[in-house]
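**Student:** Any chance you could fold what I've pasted below:
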Amino acid sequence: MKRLLGFAILFLLCRTSAAAADLPELTAQVKQGRQLFRQSGKGLACATCHAVEGYGNAVGPDLRRLAAAIDPHGLVMTIQMSMTAYVHELKLSNGRAFPGIQRAKEDNLVEIWDLSVLPPKLLKLKHAQIVSMKSNSAWQHPPALTGYSPQELADIIGYLKFVATGIEKEVTTDDLR
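**Tutor:** Numbering: from 1, shown residues only. Take a look at the predicted model:
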């Protein structure tokens, strides 16, 4: 019985390895886009605030859902936007003010992502600690300040489209217009 179980496990491992060997190599664009998403030499990487493929911080919206629904031009406009409706200016009872994103609200507690530190820090605050929470017109979406080249933007979008759809279709700089 043990021998039969051993053969079954070996068979499954060989099939899994063969199936993995049949998978096509990722395109250069997807690899480059993944690298830029995770670590950017130009400042903040997307993964500072967004999580994809189990990597990064789930502070900002799920980019896979966005990439599945929006064309490359819409995605580049989103990446380059200077403001976002999700970010608020919070003032606390101790006088501290900072940009933040509300994660959850339950009973007497509010979970807020503090965007004044990097990576963002999750704070658990009591309602009484929050004096005000209003739209923040001063905070800017970090990629708007990064200065990605059109090709770098195409690579990031190609990567996001791949993780959202599983399709490796080259995104060109013309697609961004």
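**Student:** can you map out the helices along this structure?
**Tutor:** Assigned by DSSP state H, the helices in the chain fall at 2-22, 28-38, 63-69, 72-80, 143-146, 150-165.
**Student:** May I have the beta-bridge partners of residue 114?
**Tutor:** Beta-bridge partners for residue 114, by DSSP bridges, are residue 100, residue 121.
**Student:** Isn't it up against residue 120?
**Tutor:** Yes: here residue 114 reaches residue 120: they are 5.9 Å apart, a contact under CB atoms under 8 Å. C-beta here means a position set from N, CA and C on the backbone, and glycine is covered the same way.
**Student:** Surely residue 52 is in contact with residue 66?
**Tutor:** No: Residue 52 is beyond contact range of residue 66, at 10.7 Å (criterion: CB under 8 Å).
**Student:** Which one of these two is surrounded by more residues?
**Tutor:** Remark: of residue 52 and residue 66, residue 52 carries more neighbours, 20 against 16, as counted by other CB atoms under 10 Å.
**Student:** Distance-wise, check that one relative to residue 113.
**Tutor:** Distance of residue 52 to residue 113, computed by CB to CB, to the nearest Å: 17 Å.
**Student:** Over to residue 133?
**Tutor:** 13 Å.
**Student:** Next: residue 156.
**Tutor:** Taking CB to CB, one finds residue 156 at 22 Å from residue 113.
**Student:** Those two - which one has more neighbours?
**Tutor:** residue 156 (28 against 22).
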